[in-house]
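Novice: Give me the fold of what follows.
(one chain, ligands or ions: 1)
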Amino acid sequence: MAEDLAIITGNKAEQYLSLIPQIKGLLEGEDDLVANMANVVAALKEQFGWFWVGFYVVKQNELVLAPFQGPVACTRIKKGRGVCGTSWAEAKTLIVPDVEKFPGHIACSSLSKSEIVVPVIRNNEVVAVLDVDASEYDQFDTTDQQYLEEIVTLVNF
Ligand code: SME
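Specialist: Below you'll find the model as predicted:
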C-alpha cells in the first residue's frame, strides 16, 4: 500500500480523481474493516481538510460511531434521527447546506455548518453511513455525492 498520500490542489472533481486511486491502494490486500474505514476517513480529511469525517455502522438497529477524524462525536444515533439516521432510514444520500435548517439535526458541534451523509448499502440494506461535516455553509454538492458514493463502494463492508 501507499504510505504517503499525495495531496493536490484543483477543483473538487480533480481532488477526488487524484484521491480515489490512492484510496484503492490503501485498501488493497487488507480485509480488516476497521483499518479500512480508518484509512478512508484519514485520506478524505487530509485531502479536503473538512471539519469532521467519519463512519457510523449499523449495530443492533442503531448507528454506532466508527473510525472518524475530527472532534469527539455522539456515539449512537437512532434510525430516522438527525441527518445520519434519516439517510439510513431513506437509504439515500442527504446534502444539507445549513444544518440548522434540517429538522432534528444532531449538533455534535456548533462549529458544524453543512453536512453530507452517504449510506453504505450492501444486499439492499444500509450497513453504515459516511458522514462529512464542514465548518462553513453550503460546502457539499452532487460532485461530492457522486465520488463519496463511489468511495464507499470500495470498502469491504
Ligand atoms: N450531525 C449528525 C450527527 C453526527 S455528527 O455530525 C458527527 C446528524 O445530524 O446526524
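Novice: number of nearby residues for the closest residue in space to residue 122 that isn't next to it in sequence?
Specialist: In this structure, residue 122 finds its nearest non-sequential neighbour in residue 157, 5.3 Å apart by C-beta to C-beta, 6 or more residues apart in numbering. Every residue, glycine included, has its C-beta placed from N, CA and C. For residue 157, the neighbour count with other C-beta atoms under 10 Å is 15.
Novice: mind checking pLDDT for residue 157?
Specialist: Listed pLDDT for residue 157 reads 97.
Novice: Wasn't residue 44 part of a helix?
Specialist: Yes: counting by DSSP: H, G, I helix; E, B strand; the rest coil, residue 44 is located in a helix.
Novice: In contact with it, which residues?
Specialist: Contacts were defined as C-beta atoms under 8 Å, 6 or more residues apart in numbering; by that measure residue 44 touches 19, 50, 53, 69, 132, 151.
Novice: correct me, but the first one touches residue 45?
Specialist: Read that as residue 19. No: the pair residue 19 and residue 45 fails to qualify as a contact (C-beta atoms under 8 Å) at a distance of 11.1 Å.
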